[in-house]
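K.L.:
Need coordinates for the below:
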Amino acid sequence: MKKRKSYKDLIPIGPPRLTAYERARIVGIRAIQIQFGSPLFIEGIEETDPIKIAEIELEKRVLPLSIKRKLFHREDFPPIPVNWLLKAEEEDLHIEV
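P.N.:
Take a look at the predicted model:
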């Protein structure tokens, strides 16, 4: 029987989730893009606040973004897709007993 690969195994550096700082930065950057007229990644939304829209897009996992994490002595880690971090965070919530 083959073991299913976990998203936590795919994340080479840092915690297997989005940190509060990464989450805030993603939402902030995306809110600025929306405010300046960038097209939305989700349809049929009635919200007008750019920050709320950015949070909804992050929750729905439609943002094509990656996080670049670094260590002081190494910088050759590949970018980590935000969706992997969100799925790894979800895996932590579903612990089998």
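
K.L.:
make it CA atoms for all contacts and neighbour counts henceforth
P.N.:
Will do.

K.L.:
Name the residue closest to the centre of this structure, please.
P.N.:
residue 82 (2.8 Å; CA atoms, centre = their mean).

K.L.:
Could you measure from that one over to residue 67?
P.N.:
Separation of residue 82 from residue 67 (CA to CA, to the nearest Å) stands at 6 Å.

K.L.:
Which residue comes closest to residue 14 once chain neighbours are left out?
P.N.:
residue 69 (7.4 Å; CA to CA, 6 or more residues apart in numbering).

K.L.:
OK, contacts around that neighbour?
P.N.:
Residue 69 makes contact with 13-14, 77, 79-80 under the criterion CA atoms under 8 Å, 6 or more residues apart in numbering.

K.L.:
Looking at those residues, state which has the most neighbours.
P.N.:
Tallying neighbours with other CA atoms under 10 Å puts residue 80 at the head of these, with 17 neighbours.

K.L.:
Just list whatever residues bridge to that one.
P.N.:
On the basis of DSSP bridges, residue 80 takes part in beta bridges with residue 67.

K.L.:
ok, it - contacts?
P.N.:
By CA under 8 Å, 6+ apart, the residues touching residue 80 are 11, 66-69.

K.L.:
Just the buried residues from those, in PyMOL please.
P.N.:
Buried members of the contacts of residue 80, defined by 16 or more other CA atoms under 10 Å, are picked up in PyMOL with:
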select buried, resi 11
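
K.L.:
quick one on the thing from earlier: without its sequence neighbours, what residue ends up closest to the residue nearest to the centre of the chain?
P.N.:
residue 66 is the one closest to residue 82 (CA to CA, 6+ apart), at 5.2 Å.

K.L.:
For residue 42, the count of nearby residues, please.
P.N.:
As a burial measure, residue 42 scores 12 neighbours (other CA under 10 Å).

K.L.:
ok, so what distance separates it from residue 59?
P.N.:
11 Å.

K.L.:
And the helices in the chain, which stretches?
P.N.:
Here the chain has its helices, by DSSP state H, at 7-10, 20-35, 50-59, 82-93.

K.L.:
Distance check, residue 14 against residue 22.
P.N.:
Residue 14 sits 12 Å away from residue 22, going by CA to CA.
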